[in-house]
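In: Task: produce atomic coordinates for the following.
(chains A and B)
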Amino acid sequence: GAVVSQHPSWVICKSGTSVKIECRSLDFQATTMFWYRQFPKQSLMLMATSNEGSKATYEQGVEKDKFLINHASLTLSTLTVTSAHPEDSSFYICSARDQFPIAGTSGAGELFFGEGSRLTVL
Amino acid sequence: DQQVKQNSPSLSVQEGRISILNCDYTNSMFDYFLWYKKYPAEGPTFLISISSIKDKNEDGRFTVFLNKSAKHLSLHIVPSQPGDSAVYFCAATHVTDKLIFGTGTRLQVFP
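Out: Next up, the predicted model:
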């Protein structure tokens, strides 16, 4: 089946540094990828929609200058947490959809999630 | 504003019995609903979905029921197995891929 891979799976950094998380679709092309954030015991919150070749679309309340998203190719999207602070510590998950979903569905059923990246900011 | 709610944070079920996980939503525009299973430190994996034009969808041990008038859906797992122990998220969407997730229910299946 389709696979989405995230790297790194966990990262610890000092406050004020920047961290880059990669999301790759391994066996399909994804024009759109999604970045989610999950706090402990809470829901996955959509942060932004990453569009290949264009600017990302951010959800309300998400600082686009802090969470930089780049979707340089059909198989790679990156999330950079700039000037990270302890409150940015969280579990970040990406998802991607095969650009050719099954006809007759909303397409959401063909969304595949990465393994997640746990960020800890000291 | 939590548009998708899972009011039971946890559920404990004996192996072989039925597990019923519930989910409520408030946005009547949602037309596609999904259930995901998530293990710790891993991304969610898709389980089963249902379109708003249906009221039931079955896949092996998993059945999802949708009650549009009550804005309620449920996931039935029967028979439950220890490997089913995980956190289950329901999610909803309207046409697009922007999933709105519930807060999750931790299912524990004991022998």
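In: for stretch A:21-37, the distance to its chain's centre please.
Out: 7 Å (CA atoms, centre = their mean, to the nearest Å).
In: before we move on, what about stretch B:29-38?
Out: 7 Å.
In: before we move on, what about stretch B:98-107?
Out: Here stretch B:98-107 is found 7 Å from its chain centre; the criterion is CA atoms, centre = their mean.
In: Same check on stretch B:32-50?
Out: With CA atoms, centre = their mean, you get 8 Å for stretch B:32-50.
In: So for that stretch, what gets flagged as buried?
Out: When burial is assessed from 16 or more other CB atoms under 10 Å in any protein chain shown, stretch B:32-50 yields the following buried residues: B:32-38, B:42-44, B:46-50. Any C-beta I mention is one placed from the backbone N, CA and C, and that applies to glycine too.
In: And stretch B:77-87, by the same measure?
Out: B:77, B:80, B:84-87.
In: Can you give me the end-to-end span of it?
Out: 13 Å (CA to CA, to the nearest Å).
In: farthest-separated two in the buried residues of stretch B:77-87?
Out: Across the buried residues of stretch B:77-87, the longest distance by CB to CB is 14.8 Å; it joins B:Ser80 and B:Val87.
In: list the contacts for whatever residue of chain B ends up closest to chain A?
Out: Using CB to the nearest CB, the closest approach of chain B to chain A is made by B:Gly43 at 3.6 Å. B:Gly43 sits next to A:4, A:6, A:93, A:95, A:113-116 when contact means CB atoms under 8 Å, 6 or more residues apart in numbering or on different chains.
In: and if you look at A:Asp65?
Out: By CB under 8 Å, 6+ apart, A:Asp65 lies in contact with A:Thr82.
In: That one belongs to a helix, doesn't it?
Out: No. When classified by DSSP: H, G, I helix; E, B strand; the rest coil, A:Asp65 is found to be coil rather than part of a helix.
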